[in-house]
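Novice: build the 3D model from these lines:
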Amino acid sequence: MHDAWRNYANAPKEGAIICPSNVIKEGKAHYMEMMSNNESLPVIATRLNGRIYCYVNACPHQYLPLNYRSDNIISSDGQRFLCSAHGAVFDIKTGNCLTNDCDKLDALPVFEDLAGNLCIGYRKS
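Specialist: Reported below is the predicted structural model:
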């Protein structure tokens, strides 16, 4: 389990609502700023084959948002995020960097609550 997102000073608490899950569209990047501890955490989410993938929107190269220069950051095949600042490529499903020597994106575990909200954390069984 990769929980690096918890190390951010402004990381929201587990269970925090990110947004209504229906705003995350298939093959489209959705950018948000989550407020926690009076600071914002940039978040990016997309839906791939019906499953939602969510990450801290910070390229590990310089911690600029992936959409720093352009909001068009999903590859033409819909499988990868592209950093608009320096061209790093990341697998949407894993967050792994596929180019350069970058670390992986910091994944945010998410689940959909009964009200249809996308929340941070792990679904309680």
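Novice: who does the strand ranked longest in the chain touch, helix- and strand-wise?
Specialist: Determined from DSSP state E, the single longest strand within the chain is strand 39-48. For strand 39-48, the elements it packs on are strand 17-20, strand 30-36, strand 51-56, judged by 3 or more C-beta pairs under 8 Å, 6 or more residues apart in numbering; DSSP states H and E. From N, CA and C alone the C-beta is placed, and that goes for glycine too.
Novice: which positions within it qualify as buried?
Specialist: Buried residues in strand 39-48, counted by 16 or more other C-beta atoms under 10 Å: Leu41, Pro42, Val43, Ile44, Ala45, Thr46, Arg47.
Novice: which of these sits closest to Ile92?
Specialist: Lowest distance from Ile92 to these (C-beta to C-beta) belongs to Thr46, with 6.2 Å.
Novice: the closest one: what's it in contact with?
Specialist: Thr46 is in contact with Ile24, Lys25, Gly27, Lys28, Ala29, His30, Ile52, Tyr53, Ile74, Phe81, Ile92, counting by C-beta atoms under 8 Å, 6 or more residues apart in numbering.
Novice: please indicate which of those are buried?
Specialist: With neighbours counted by 16+ other C-beta under 10 Å, the contacts of Thr46 contain buried members at Ile24, Ala29, His30, Ile52, Tyr53, Ile74, Phe81, Ile92.
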